[in-house]
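Engineer: What follows is a predicted protein model with its sequence.
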Amino acid sequence: MTKYMVKISNRGNAEYEVDDKRPILDELRRHGVDLPYGCKYGGCITCAAKLTAGNIDQRRQVALNNWQLDNGYVILCVARARSDITLEIGTESHDKLYRNPFLEPLKSYQLKSDIASKEDT
Amino acid sequence: MNNVCCGPGYASPAEAINAPREKLLYTIAIYTGTGIQKPDYLATVDVDPDSVTYSQVIHRLEMPGIGDELHHMGWNACSSCHDDNSMSRKYLILPGVRSNNLHIVDTATDPKAPKLYKVIEGAEIKSKADLSGPHTVHCLGSDIIISFLGNAKGEAPGGYLHLDKDFKIMGRWENSMGDIKFGYDFWYQPRHNIMVSSEWAAPNTFMPGFDLEEVGHLKYGRELHFWDFEKRKPIQSFYLGEDGLVPLEVKFHHNPDSTHGFCGAALSTNVIHWWKDNDEKWQWEKVIDIENEMHPEWPIPLPGVMSAILVSMDDKYLYLNNWLHGDMRQYDITDPHKPVLTGQVFMGGLLGKAPKVNGVEVAGGPQMFQLSLDGKRLYVTTSLFSTWDNQFYPEIREKGGVMLQIDCDPVNGGMKVNPNFMVNFGQEPNGPSRCHEARYPGGDCTSDIWL
């Protein structure tokens, strides 16, 4: 079993030890961190947080599109830590999670991975 | 027919219209997705103008946990078992779209202060029926069916959960989903052995939010489905195409002999009418087409987004909303092939036509609504779904939702905002919440079906 440290930058840089086999959401809640969540299987975005340092594995998430992934969002209910990480949590971190699709349409490479085109570079 | 029977509801729509006026109503209010770490709740609203607490929330029943996203709700029994005096309209079923939990609430013991009777856990529903993303609740005589929009992994098309009258999971209701790609709302007309269902999207698509581009990639529905109700399988589907993008609410006439019904196609912002013709064939046509509007600063024309429709108990008027434009409309559907616009009011919306109503700044636009049985009072709320609110109306986080009353003229047509009624969910004790669907204790214009 591997343990990593999660630092929460918008909660006074509080640090918590998490098990790399378990969802970060469950681990932080076990430590008493009050976090939003909904579906608990990676489909609904309610528990999204922003990763500002470190690595995670969130292959099970199906909620985020490439634009949101590029902005650092992590679905905590299915994500596992793969190193020590720093997160910004809660709706304060959601500044680039939601956009009005009529005002700022996504480019085709910014869609969800199953329908996105390759980015023109 | 036994006229002295004491089952729930009313013998007929005509009897329902003459029922006593509603004195309180229930609406769900959410904190899911708002940033406030509190459970969603069922609010009791006083709608009796003679009461000292008129136009206020007088009770709040919190759900046991956070993150449900309460949305729509339905009864354990309705007029479909009016002749069965062993049944009563006692329990309101409140599904959590995100948690998959079904909350069964006792509203009869004390109608002003409903109590939680039991919770059917989302995990149990996933394991026994492979379903998630609950939406519409209808009762079928003494049984209950609930549409779910996904399987346990949140993938379309989902199916229908069958509960018995004691809320035991009987499994899936349908015998087949046929070629149906998505689920959403449904309504049935037993005298014609027909059920009609509509299409939103997979939970994994709509729960995180709305992307226009995903409509083009066929991630959202554009079909209506007709079912053999007794055989519990689809028999015919109508491809609505560009006229029917994201067909959401479906309503038959209340008259149980009628074959006419309507669907609001949310993104196309059209009303689709269906009926059975003289050759016993189901037909459909577009009868209302709301034009997109240009927003001065936006690159893409703005659709109305007709997320709900409602038919008055006398089948004379159809009400619809344009959530993004900000208006509620009333159409005379005496001729269901040719609706006539008879009323329109604005509240909120993105076009800036009514930013303030009854002294309160409205975040969001008209969204869900419930009409009194006599057709005179339309209660309207402004939040659609937490993630979609957050995209289109981010200021709703601070302002919360509101409930307004529109006074409707059921004889000559016409609507106007009632100046004395405003329930501001921005002022709730735990912070701004968002109200959505509303129901009355005795049944309303979207709850009851006659056999």
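Structural biologist: That came in fine, so what should we check first? Residues are numbered from 1 along each chain as shown, chains lettered A, B, ... in the order given.

Engineer: ranges for the helices of the chain?
Structural biologist: Just going to use chain A. Secondary structure of chain A (DSSP state H): helices at A:24-30, A:66-70.

Engineer: hmm, I had chain B in mind actually
Structural biologist: For chain B, the helices defined by DSSP H occupy B:13-17, B:122-129, B:203-206, B:212-216, B:386-392, B:396-399.

Engineer: any chance of the ones you listed in CSV, plus mean pLDDT, mean neighbour count and distance to chain A?
Structural biologist: From N, CA and C alone the C-beta is placed, and that goes for glycine too. Putting the helices of chain B into CSV (pLDDT from 0 to 100; neighbours: other Cβ atoms under 10 Å in any protein chain shown; distance: least, Cβ to the nearest Cβ, whole Å) gives the following:
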stretch, mean pLDDT, mean neighbour count, distance to chain A
helix B:13-17, 97, 17, 36
helix B:122-129, 98, 17, 9
helix B:203-206, 98, 28, 4
helix B:212-216, 95, 17, 4
helix B:386-392, 98, 24, 4
helix B:396-399, 97, 20, 7
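
Engineer: Reformat the ones you listed as JSON lines; add distance to A:Thr46.
Structural biologist: As requested, the helices of chain B are exported to JSON lines (distance: least, Cβ to Cβ, whole Å):
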{"stretch": "helix B:13-17", "distance to A:Thr46": "38"}
{"stretch": "helix B:122-129", "distance to A:Thr46": "14"}
{"stretch": "helix B:203-206", "distance to A:Thr46": "12"}
{"stretch": "helix B:212-216", "distance to A:Thr46": "19"}
{"stretch": "helix B:386-392", "distance to A:Thr46": "8"}
{"stretch": "helix B:396-399", "distance to A:Thr46": "14"}
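
Engineer: Show me which residues of chain A sit near chain B.
Structural biologist: A:34, A:36-41, A:43-46, A:62-65, A:90-92, A:94, A:97-103, A:105-106, A:108, A:111-112, A:115 (Cβ under 8 Å from any Cβ of the partner chain).

Engineer: Which of those are buried? Put it as a ChimeraX command.
Structural biologist: Command for ChimeraX that selects the buried part of the residues of chain A next to chain B, burial taken from 16 or more other Cβ atoms under 10 Å in any protein chain shown:
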select /A:36,37,38,39,40,41,43,44,45,46,62,63,64,65,90,91,94,97,98,99,100,101,102,105,106,108,111,112,115
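
Engineer: Would you format the helices of chain A as CSV with mean pLDDT included?
Structural biologist: Formatted as CSV, those follow (pLDDT from 0 to 100):
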stretch, mean pLDDT
helix A:24-30, 98
helix A:66-70, 97
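
Engineer: Show the contacting residues for the residue sitting nearest the centre point of chain A.
Structural biologist: Closest to where the C-alpha atoms of chain A average out (Cα atoms, centre = their mean) is A:Val74, at 1.0 Å. Contacts for A:Val74 (Cβ atoms under 8 Å, 6 or more residues apart in numbering or on different chains) come out as A:Ile24, A:Ala48, A:Ala49, A:Lys50, A:Leu51, A:Ile56, A:Gln58, A:Leu87.

Engineer: again with A:Ala48
Structural biologist: A:Ala63, A:Leu64, A:Gln68, A:Tyr73, A:Val74, A:Ile75, A:Leu76, A:Ser93, A:His94, A:Leu97.

Engineer: Of all pairs in the residues you listed, which one is the farthest apart?
Structural biologist: A:Ala63 and A:Ser93 (14.9 Å; Cβ to Cβ).

Engineer: can you list the weak-confidence ranges in the chain?
Structural biologist: Using chain A here. A:120-121 (pLDDT under 70).

Engineer: sorry, should have said chain B
Structural biologist: Chain B contains residues with pLDDT under 70 at B:1-5.

Engineer: which parts of it sit against chain A?
Structural biologist: So far as Cβ under 8 Å from any Cβ goes, chain B lies against chain A at B:32-35, B:37, B:66-69, B:98-100, B:132, B:153-154, B:203-204, B:207-214, B:217, B:219, B:295, B:297-300, B:302, B:386-387, B:390-392, B:394, B:397.

Engineer: quick one: contacts of stretch A:18-32?
Structural biologist: Contact with stretch A:18-32 is made by A:1-6, A:8, A:16, A:35, A:37, A:40, A:47, A:56, A:74, A:76-82, A:87, as judged by Cβ under 8 Å, 6+ apart.
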